[in-house]
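Visitor: Predicted structure and sequence below. I'll ask about it afterward.
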Amino acid sequence: MEISKRLELVASLVTNDVIADIGTDHGYVPIYLYKQGKIKKAYACDVRKGPLEKCKENIALYGAEDVIEPRLGSGLIPLKPFEAETAIMAGMGGMLIVHILQDSPEVADSLKELVLSPQRDFAEVRRYLHKIGFSIKEEHMLKEDNKPYVLMRCEKGAEKYDREIDYLYGKLLLEKKEPVLKEWILHEEGKYSRLFDTLKDNPTENAKKRLPEVEEKLALMREALACL
């Protein structure tokens, strides 16, 4: 089975053999893990009937019916507490991941591991993970179709970051001087520098209000860049 480099990396982060793939679409990640002999049981969950039907066809095609069980429903709602050890959530917005965890607190709390690849709002995801008692054990960043993606492997355990930049840009990514992160921050810093220059020369009240906010964002970007 051909899957993207990002989904390959998502699959490689899974350390347990009973998983739930949330927003499974056509079931590529659980089927890939099944083909590798890495799982005993998987729940392929999706809120949409069409993709789940295609997922069922793919499961049958690879002879994985005894291992992969498709389930229709939103987020973690199709699962009971302790049914799965690892939940995978990839290819969705960060705030959607937060809402999925918020909507099923008992199931979320019963999980040993979360493997996440939010498409945006990375800081909010990191903050919420710490709030509900998960620590971030691994963090990776890669580019696919010229877009940066963050991938996280999290386990139960208390953790709190001291610096705002650790939440914004990822403590582990900063520590390992991730080149994709540096490239992304440099791009953002250029964008905000140009905005700062435009606002500085603008006498309107709105510009005066926005200027300190942009200045603060630039200061955080430059603090992060100094670590990279």
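Guide: Sure thing, it's come through. Residues are numbered from 1 along each chain as shown.
Visitor: CA only for contacts and neighbour counts going forward, please
Guide: OK.
Visitor: CA atoms of stretch 23-30 as PDB?
Guide: Once side chains and other backbone atoms are set aside, the C-alpha atoms of stretch 23-30 remain, and they are given as PDB (Å, rounded to 0.1, in the frame of the first residue of the first chain):
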ATOM      1  CA  GLY A  23     -11.200  10.500  10.900                       C
ATOM      2  CA  THR A  24      -9.800   7.300   9.100                       C
ATOM      3  CA  ASP A  25     -11.200   8.300   5.700                       C
ATOM      4  CA  HIS A  26     -10.300   5.300   3.500                       C
ATOM      5  CA  GLY A  27      -8.500   3.400   6.300                       C
ATOM      6  CA  TYR A  28      -5.000   3.800   5.000                       C
ATOM      7  CA  VAL A  29      -3.200   4.100   8.300                       C
ATOM      8  CA  PRO A  30      -4.800   1.100  10.100                       C
END
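Visitor: Which stretches in the protein count as strands?
Guide: Secondary structure of the chain (DSSP state E): strands located at 18-22, 41-46, 68-72, 86-92, 113-118, 134-144, 147-156.
Visitor: ok, the closest residue to residue 222 other than its chain neighbours - contacts?
Guide: For residue 222, ignoring the flanking residues on the chain, the nearest one in space by Cα to Cα, 6 or more residues apart in numbering is residue 189 at 7.7 Å. Contacts here follow Cα atoms under 8 Å, 6 or more residues apart in numbering; on that basis residue 189 touches 218, 221, 222.
Visitor: re earlier: out of the strands of the chain, nearest to residue 2?
Guide: Minimum separation from residue 2 across the strands of the chain (Cα to Cα) falls at strand 134-144, 15.2 Å.
Visitor: Which stretches in the chain count as helices?
Guide: With helices called from DSSP state H, the chain shows them at 5-12, 28-35, 49-61, 94-103, 105-110, 122-131, 164-169, 171-175, 179-200, 205-227.
Visitor: what angle sits between the longest one and helix 179-200?
Guide: With axes from the mean of the first three to the mean of the last three Cα atoms, to 10 degrees as the basis, helix 205-227 and helix 179-200 are set at 150 degrees to each other.
Visitor: and helix 205-227, what other elements does it pack with?
Guide: Here helix 205-227 touches helix 164-169, helix 171-175, helix 179-200, going by 3 or more Cα pairs under 8 Å, 6 or more residues apart in numbering; DSSP states H and E.
Visitor: Make CSV from those helices and add distance to residue 141 and mean pLDDT to it.
Guide: Shown next, in CSV, are those (distance: least, Cα to Cα, whole Å; pLDDT from 0 to 100):
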stretch, distance to residue 141, mean pLDDT
helix 164-169, 10, 98
helix 171-175, 8, 98
helix 179-200, 6, 96
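Visitor: now those helices in JSON lines, with distance to residue 60?
Guide: Formatted as JSON lines, those follow (distance: least, Cα to Cα, whole Å):
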{"stretch": "helix 164-169", "distance to residue 60": "41"}
{"stretch": "helix 171-175", "distance to residue 60": "39"}
{"stretch": "helix 179-200", "distance to residue 60": "38"}
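Visitor: circling back to that earlier point, pLDDT added to the contacts of residue 189, as TSV?
Guide: Written out in TSV, the entries for these read as follows (pLDDT from 0 to 100):
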residue	pLDDT
218	97
221	98
222	98
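Visitor: Give the PyMOL command for selecting the buried subset of the residues you listed.
Guide: Only the buried members of these enter the following PyMOL selection, criterion being 16 or more other Cα atoms under 10 Å:
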select buried, resi 218+221+222
